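[1] predicted structure and sequence below. I'll ask about it afterward.
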Amino acid sequence: MLGKKPISSGVLGACVLGASCVVGAASAYAQGTVAYEPAPSAPAMSTVGLVIVAVLLALAGYRAVRNPAGTRRLTLLVLFAAVGILLSARTSYLVRGVSAVGAGAAFDNPLGGQINLGWGFESHENTSGIPIRITDVAYDGHNAQPVNECVAGMILTANGSCNTQVEAVCGNGIVEDTEQCDDSGQSDFDGCSSVCTLEDGYKCSGSPSVCTLMPSTCSDHVKNTFETDVDCGGQECRPCASGKHCNLGSDCASGTCTSHVCQ
């Protein structure tokens, strides 16, 4: 599995009264990488070289017609012609149309490098100005869908593109993409469902998620026990919404408590 590459962070989600809540923050990460380098190219044959090949082919054709063993020599003529065509042609490259939907990181460095992959469908364009070759594709423990076209060994012309699609894996113990929780399992009735959504009456935190059943006092419409406001805050109930009373940042869904008020 690749090392995580943090990009930004934010609060996972807010809590719903009498339902469920997420406590803590999640970081956005690169979900994989695609490495690339300048593509090798076969040098084009010079004009002088093409003229020489043409003269030799013409002489060989003339002798093949006048000689009784012309059939065999005609075969050699065809072979010479094929070799000449191959030598005079540049390496061909795989070209992909650029997708306007789900634009992802571009291959923009003519010296090569790597790009990071995001969630869902993305189209990656070669904007380096030269043909490039993909050398490696790696996914950070996520599910790579069949639509993935960026594969090691693929060569793209300038402005060519290839597509990737990365989906979260419920049950890997990492809260990612649209998951509300992930407790490293896929069982129901334990706070985090089999599809990584929060179950009613539970609060979950961390990655892997640890889910606990909230006490009944967290939905009795009274500020009691360790609550910092009505049915929220403290160690047992869901975090409070903006404007509610708090003592610590953990008492707030936003994670910020200023002058005992959730921001």
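    Good, I have the coordinates. Numbering: from 1, shown residues only.

[2] from now on I want contacts and neighbour counts done on CA atoms only, so please keep to that.
    Will do.

[3] can you count the residues close to Gly112?
    Residues lying near Gly112 (other CA atoms under 10 Å) number 18.

[4] please, which helix or strand holds the nearest residue in space to it that is not next to it in sequence?
    Excluding the flanking residues, the one nearest Gly112 by CA to CA, 6 or more residues apart in numbering is Glu37, at 4.0 Å. Per DSSP states H and E, Glu37 falls inside strand 32-38.

[5] now for that strand, which elements pack on it?
    On a contact count with 3 or more CA pairs under 8 Å, 6 or more residues apart in numbering; DSSP states H and E, strand 32-38 meets strand 113-116, strand 132-139.

[6] go again with 10 Å.
    Packing partners of strand 32-38 (3 or more CA pairs under 10 Å, 6 or more residues apart in numbering; DSSP states H and E): strand 113-116, strand 132-139, strand 155-156.

[7] quick check: the residue nearest to Gly112 touching Ile115?
    No. Judged on CA atoms under 10 Å, Glu37 makes no contact with Ile115 at a distance of 11.5 Å.

[8] next, show the common contact partners of these two.
    107, 109 (CA atoms under 10 Å, 6 or more residues apart in numbering).

[9] before we move on, the earlier item: quick one: contacts for the residue nearest to Gly112?
    107, 109-114, 131-136, 155.

[10] again, 8 Å this time
    Neighbouring residues of Glu37 by CA atoms under 8 Å, 6 or more residues apart in numbering: 110-113, 132-135.

[11] farthest pair in those?
    Pro110 and Thr135 (14.2 Å; CA to CA).

[12] residues in contact with the closest residue to Cys246 other than its chain neighbours?
    Spatial nearest neighbour of Cys246, chain neighbours left out: His260 (4.7 Å); criterion: CA to CA, 6+ apart. Taking CA under 8 Å, 6+ apart as the criterion, His260 is in contact with 245-248.

[13] Asn116 too?
    Per CA under 8 Å, 6+ apart, neighbours of Asn116: 30-34, 105.

[14] how close does it sit to Ile132?
    16 Å (CA to CA, to the nearest Å).
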